[in-house]
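Asks: Mind looking at a prediction? Sequence and model below.
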Amino acid sequence: MPLAQLRVLRDWFLRPNSFFPETLSMTRRISWLNSSRLSTRLSRGRVPLFYVSGLWAMTWSCSEPATPGPGAGSGGETSSTGTGGASAQSGGADSGSGSGGLAVVGSGGVASGGSSPGVGGTGVDGTGGSGGAAPSNCTPQGKARNPLVGHIFTADPNAVVYGDKIYVYTSHDTDGQTNFDLIDYHAYSSDDMVNWQDHGVIIKAQDVQWATNLYAPGACEKGGKYYLYMPNSGSGVGVAVADDPGGPFVDPLGVALVTPSTPGVSDVDWLFDPACFVDEDGQGYLYFGGGPQDSGDNARVMRLGDDMISLKDTSATTIVARELFEASFMHKRGDTYYFSYSSNFKDPSHSAYIDYLTSDNPMTGFVYKGSILANSNINMGNNNHHSIVDFMGKSYLFYHNRKLEQDRGGNNEYQRSIAVQELTYNADGSIAQQNMSTDDTTVAQIKCLDGKAEVQAERMAAQGGIEVEGNGATGVHIVDIDDEDWIGYSQVDFHQGTTRLVARVAAAAAGGSIEIWRDGCEGFTEQPGQSVGTCQVQATGGADTFAELSCDFEATSGPHDLCLKFVGDGSFKLDSFHLE
Ligand SMILES: [Ca+2]
Ligand SMILES: [Ca+2]
């Protein structure tokens, strides 16, 4: 069955109000679809959907959201100037031999996972489909980088599992800021814990009427919609919604959901740091609040309305959490609710530790249990904010430190960077306290990055010198590419003897090249690997007109760290690539 049809079937099953009750979470829909219960039901005779569910993992992993191409307006406009279009045509025609085959791609973009439509013809035979690759038994050896994101400063990671990926929503510390001037949110996703897709800016404070500074966000899914709860500094909490977990998110209300006039919150010092939690019965909860030491009990919880953008409770319920400063978070394990938070700085030996309480009720009856994460010099002993999530049989703790700033030789406390470590439970359900890792790498890679499927160029393990632009609506691209910049991908599966890199680039003029470094490069791996091929960048018809560039490299099989290393003074953007 063609992948496109499988995706249509999958989307039909996952859409709200179709096959499932609206209250069933996406994760449960997927696990249910994969369950033997489904196979049993289907074997009685309706549709052979067990076939679909059996192929589930494959289609899902091959169906990263298609990156829309550049807007038709911008692409056409550039071409109509004449110079851009002309150079694209000559570039394509002249580059059939050697390393720089080029095919101009239409404004609709290339659907990920499918074979290239071969528009333009040169360099692409139209049969090198990436979606139909046979399953590989690739075993990765990689580890997540610390910090997890290195091209911008990120903080307050809220990790949540949607489908077969972890999404991490973060605050953003702008370069060089000397206060918490947080103006937008970013999101990252991964199915292997090491290569993280950058989804760009998912919402900006300037698009939220009631907010000027977006502090730590909280993310939840319900009924196939994705919600992001967001505070305006410490003065209120609102919500944004998206159809895709990678955004972009929009504010559906135009006002905050929780304000100082909300009953039960008037004595909360800081109305911020929302965490949301959707229980197994579909009921959503919103946790928030913080304040300095000796300022009373500041944590609150309220039940959310069924639409997730209203409040069901008429008054907030107080959670008594000793020395709570900020960073409420809720997760459930078995029948136990874990409310965790950052403590304040009253006890110098316990400053900004992540502590937790447990209860058999999500709103009341909490008992203090101890600490999950100590503070450390790698965080300059400063504030922290965390989240806890289970993924592929392991539990993970996300938090932030100041390692990126320190690695760069700085000591600005307003430049934070997110990190992840494995979290372990004791037999009695208590959490083993741990220290912040000072290592450059932390958790193990779960699976290889499939090089034959279209890989978004910004789905990376590390980088040197590049930046990322765009969002889920415009497409996300690598920009600010200079001589000697690089992007590192951990444990890419080259399958059996792949020999060609096909990359989507946009360049107003020819110039610069992309070197393919097998087994890593300086800055990415302890020992640099070797350059096995080079793509010369050709003009594509405009600085935002993406086209496929292909070039040959030394035949390679199995898992390898991969660097794309940029050489020369060319000016271009990179969207995605795959191996053939
Ligand atoms: Ca650069
Ligand atoms: Ca991209």
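Replies: That came through, no problem. Quantities reported herein were computed from a predicted structural model and do not represent experimental measurements. Ligands and ions are numbered 1, 2, ... in the order given.
Asks: Low-confidence ranges, the stretch 101-250 of the chain, go.
Replies: For the stretch 101-250 of the chain, residues meeting the criterion pLDDT under 70 lie at 101-136.
Asks: now the helices for it?
Replies: Along the stretch 101-250 of the chain, counting by DSSP state H, counting those that start in this stretch, no stretch forms helices.
Asks: In the stretch 201-350 of the chain, what residue comes closest to ligand 2?
Replies: Residue of the stretch 201-350 of the chain nearest ligand 2, by CB to the ion: G246 (11.1 Å). In this view, the C-beta of every residue, glycine as well, is placed from N, C-alpha and C.
Asks: my guess is that residue meets I202, correct?
Replies: Yes - with contacts counted by CB atoms under 8 Å, G246 reaches I202, the gap being 7.2 Å.
Asks: For the two, indicate the residue with more neighbours.
Replies: I202 (27 against 24; other CB atoms under 10 Å).
Asks: Identify the residues contacting the more buried one.
Replies: For I202, the contact set (CB atoms under 8 Å, 6 or more residues apart in numbering) comprises 169, 184-187, 228, 242, 246-249, 471-472.
Asks: Could you rerun that using 10 Å?
Replies: Contacts of I202 were listed using CB atoms under 10 Å, 6 or more residues apart in numbering, and they are 167, 169-170, 184-187, 217, 219, 226, 228, 240, 242, 244-250, 471-472.
Asks: Ok, D561 next?
Replies: 140-142, 449, 461-462, 488-492, 517-521, 524-525, 529.
Asks: Reduced to three states, what does it come out as?
Replies: Each residue gets one of three states, and D561 gets strand by DSSP: H, G, I helix; E, B strand; the rest coil.
Asks: any idea of the pLDDT on it?
Replies: D561 carries a pLDDT value of 98.
Asks: Give me the distance between the nearest residue to it once chain neighbours are set aside and A462.
Replies: Using CB to CB, 6 or more residues apart in numbering and skipping residues adjacent in sequence, the residue nearest D561 is G520, 4.0 Å away. Applying CB to CB, to the nearest Å, the value for G520 to A462 is 10 Å.
Asks: Need the overlap of contacts for those two.
Replies: Residues touching both G520 and A462 by CB under 10 Å, 6+ apart: 486, 488-490, 561, 563.
Asks: what's the overlap in contacts for G246 and I202?
Replies: 167, 187, 226, 471-472.
Asks: Spatially central residue in the protein, please.
Replies: In the chain, the C-alpha nearest the mean C-alpha coordinate belongs to Y188, at 1.5 Å (CA atoms, centre = their mean).
Asks: wait, doesn't A510 sit right on C535?
Replies: No - at 11.7 Å, A510 does not count as touching C535 under the criterion of CB atoms under 10 Å.
Asks: Of those two, which one has the most company?
Replies: C535 (26 against 19).
Asks: ok, now how distant is K346 from A374?
Replies: 16 Å.
Asks: Look at these two and report which has more neighbours.
Replies: A374 (17 against 13).
Asks: Just to check, that one is in contact with A352?
Replies: Yes - between A374 and A352 there is a contact at 9.4 Å, judged by CB under 10 Å.
Asks: Would you mind listing the residues touching both of these two?
Replies: With CB under 10 Å, 6+ apart as the test, A374 and A352 both reach N384.
Asks: residue contacts, the closest residue to ligand 1 within the stretch 101-250 of the chain?
Replies: Relative to ligand 1, the nearest point of the stretch 101-250 of the chain is H151 (9.5 Å; CB to the ion). Residues in contact with H151, defined by CB under 10 Å, 6+ apart, are 198, 404, 458, 460, 462-468, 478, 480, 487.
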